[in-house]
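Asks: structural data only, the sequence is not supplied:
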């Protein structure tokens, strides 16, 4: 915990010396809202350091921050970046397109798309993609010639946040 701001300083020092693309993945771990009731003083200091580093950053590098939980970010983080790009969860039609694309090289059985829509609801593009790939692997390992609805539904449900509880 106490070393986080110092490590951030090292990253920003390197960023100033070496032009590149720098990705801060899961930035909500650094940039959580300061006014939260469960705030820890050290986390607030890390956020303040991160914001200052961003503000003072003079390089020609490109900084990208990514999160699956934008609602947890302090508003000041958004103001430090030139652009904010949001990727909403896919619609049922888009989830179907992702699945068809990922399974284009395997045979599909008769797919019950309403069941797939239900199982894919609430999943990100990446989770739908990984589910489709898992369904194909499961079908191949089970010696099946086609990916069936049940296999795809099981793979989607396995990735669903509700399955974690």
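Replies: Good, I have the coordinates. This is a predicted model, so every value here is computed, not measured. Residues are numbered from 1 along each chain as shown.
Asks: check which residues of stretch 142-153 are buried.
Replies: 147, 148, 149, 151, 152, 153 (16 or more other CB atoms under 10 Å). Where C-beta positions appear, they are placed from N, C-alpha and C, glycine not excepted.
Asks: now do the same end-to-end measure for it.
Replies: Stretch 142-153 has an end-to-end distance of 16 Å (CA to CA, to the nearest Å).
Asks: pLDDT of it, averaged?
Replies: Per-residue pLDDT values over stretch 142-153 give a mean of 96.
Asks: closest to residue 58 out of the buried residues of stretch 142-153?
Replies: Nearest to residue 58 out of these is residue 152 (CB to CB; 49.7 Å).
Asks: enumerate every residue touching the closest one.
Replies: Counting by CB atoms under 8 Å, 6 or more residues apart in numbering, residue 152 touches 99, 111, 116, 119, 131, 132, 135.
Asks: wait, the first one touches residue 132, no?
Replies: What that stands for is residue 99. Yes: Residue 99 lies in contact with residue 132 (CB atoms under 8 Å); the separation is 4.7 Å.
Asks: quick one on the thing from earlier: would you check which pair of the contacts of residue 152 lies furthest apart?
Replies: 111 and 131 (13.3 Å).
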